[in-house]
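K.L.:
got a predicted structure here, sequence first:
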Amino acid sequence: RKEYVDLYVNYMFNKSVQKPFEDFMQGFLRGCPARNWKMFFPEELQVLLQGHTTCDWHLLEKNVMYRQYNKLDRTIRNFWTVFHELPEEKKKMFLAFLSGSDRITGYGLECFRFWIADPQVENPDEFCPTASTCYFILFLPR
């Protein structure tokens, strides 16, 4: 029985996916040569490709920049008060709304910057916050 189980597991995890994996690996290495990846430890490579999974949300607040606002404006103070009361999952949803991903790039939060800008609309109560994911700008009506 042990030999059968070993052969079955080997087939399921190795033999049955060998050809598709080789095809994938050939295409992947065409665009990302392996010699470029060898300088990383596996954990570093995972962070580089997938991003950081945990965030220091107070550091995020510290790194934000403002347009037509300053950090003492009532709108900004209210925003951060509400933000810090959100559960972790909702904070990551905000990050995805802002940047297109719920993770911070491999450089880390120390290098992540975004803007909060006043869209300067005539009646701010009629507009919802929007984001420019390419430029990391949150347009937050007053």
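P.N.:
Sure thing, it's come through. Residues are numbered from 1 along each chain as shown.
K.L.:
can you give me the helices in this protein?
P.N.:
2-13, 18-31, 34-37, 42-50, 57-63, 74-85, 88-99 (DSSP state H).
K.L.:
and the second one, how far out from the chain's middle?
P.N.:
Using CA atoms, centre = their mean, to the nearest Å, we find the averaged C-alpha position of helix 18-31 to lie 26 Å away from the chain's own average C-alpha position.
K.L.:
just the last one next, same as before
P.N.:
Helix 88-99 sits 9 Å away from the centroid of its parent chain (CA atoms, centre = their mean).
K.L.:
so for W80, what's the pLDDT?
P.N.:
For W80, the model assigns a pLDDT of 97.
K.L.:
same check, this time on D23
P.N.:
92.
K.L.:
could you count how many residues lie near it?
P.N.:
10 (other CB atoms under 10 Å). Every C-beta, even on glycine, is put in place using the N, C-alpha and C of the backbone.
K.L.:
for F112, find the nearest of the helices of the chain.
P.N.:
Distance to F112, taken as CB to CB, is lowest for helix 57-63 among the helices of the chain, at 6.5 Å.
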